[in-house]
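>>> predicted model and sequence follow; I will ask about them next.
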Amino acid sequence: MAQENNHEELVLSEDPNHPANLICSLCKNFYSLGWVTGTGGGISIRHDSNVYLAPSGVQKERINPQDIFVMDFPTKSYLRRPPSLKPSACTPLFMASFTKRGAGACIHTHSQAAVLCTLLTKGSTWSIANIEQIKAIPRPSTGGYYGFFDKLVIPIIENTAHEEDLTESLEKAIDEYPDTCAVLVRRHGVYVWGDTVWKAKTQAESLDYLFQLAVEMVKLGMEPAGPITPAE
Ligand SMILES: CSC[C@@H](O)[C@@H](O)C(=O)COP(=O)(O)O
Ligand SMILES: [Zn+2]
């Protein structure tokens, strides 16, 4: 019987910046940061009209380019489905960032700092102010980035039993917070997107830095979004 054409040419490339190679190398990088351990978390990249997706339920730091799914973005149909694998359960959430924000990549982490920030905040947003690293976060309404004296506000949505059931509330948060490039998921992690894969990466790094800092500030009795007070 003839083998189904699985379009390996869509994922096999010598170019380290090919999306299929980048998903593999970045997942190793994110694993070492504790963002994608134990199969959780992941990344999807949109390049031209193709969306590149990791498989579901696998050790993300051990993915090979042959394991990558490729979707045609305009039609949402799969151009390549590796046999015996399922696409990431995060697919509809990654797609929300591509469709609603035109993102070029979306990163999902299970970072403990992100989870702790959702536990330290009872409401539906998490914020921080007056910290230099805020300046790495884009603010679409101004066409630029947050300033040092601005307050950064990230929406928090409630977790669900299944990843795909988060889609509706993530889409609502994206609509309600037009300046955000991230949505926290309570007791779960965070989704961060960017115009390009490198912007998504640096924004995810900057946010994780701020999440870690905020946890330490709270431990020291400081309010992360509070006013600047003279050091004692
Ligand atoms: C540790 S299981 C985590 C999953 O349920 C989910 O939250 C996740 O982030 C990864 O889903 P996956 O389908 O493996 O890409
Ligand atoms: Zn997850």
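Great, that's in hand. Given the structure is predicted, the values throughout are model-derived calculations rather than measurements. Ligands and ions are numbered 1, 2, ... in the order given.
>>> can you list the domains in the chain?
Domain assignment for the chain by the TED database gives 1-88, 106-224.
>>> first to last residue in the last one, what's the distance?
This stretch, domain 106-224, spans 26 Å end to end (CA to CA, to the nearest Å).
>>> and whichever helix in the chain runs longest, what does it pack onto?
Counting by DSSP state H, the longest helix found in the chain is helix 197-219. Here helix 197-219 touches helix 19-32, strand 42-47, strand 105-109, helix 112-120, strand 125-129, strand 182-185, strand 189-194, going by 3 or more CB pairs under 8 Å, 6 or more residues apart in numbering; DSSP states H and E. For every residue, glycine as well, the C-beta is placed using N, CA and C.
>>> what residues does that helix touch?
With contacts defined as CB atoms under 8 Å, 6 or more residues apart in numbering, helix 197-219 is touched by 19, 22, 26, 33, 35, 43, 45, 103-107, 109, 111, 113-114, 116-117, 120, 126, 128, 131, 133-134, 136-138, 152, 154, 181-182, 190, 192-194, 223-224.
>>> run a quick neighbour tally on Ser49.
When counting by other CB atoms under 10 Å, one arrives at 11 neighbours for Ser49.
>>> can you check the pLDDT for it?
With respect to pLDDT, Ser49 scores 97.
>>> deepest in the core, which of the helices and strands packed on helix 197-219 is it.
strand 105-109 (a mean of 30; mean count of other CB atoms under 10 Å).
>>> mind giving me the packing neighbours of that strand?
Packing partners of strand 105-109 (3+ CB pairs under 8 Å, 6+ apart): helix 19-32, strand 42-47, helix 91-101, strand 189-194, helix 197-219.
>>> tell me if it is near ligand 1.
Yes - legend: contact between strand 105-109 and ligand 1 by CB under 6 Å from any ligand atom is shown at His108.
>>> now what about that strand, what contacts it?
With CB under 8 Å, 6+ apart as the criterion, strand 105-109 contacts 26, 30, 33, 35-36, 41-46, 90, 93-94, 97-98, 189-194, 196-197, 199-201, 204, 208.
>>> these also near ligand 1: which ones?
Applying CB under 6 Å from any ligand atom to the contacts of strand 105-109, one finds that 41-42, 90 fall near ligand 1.
>>> nice, that's everything, thank you.
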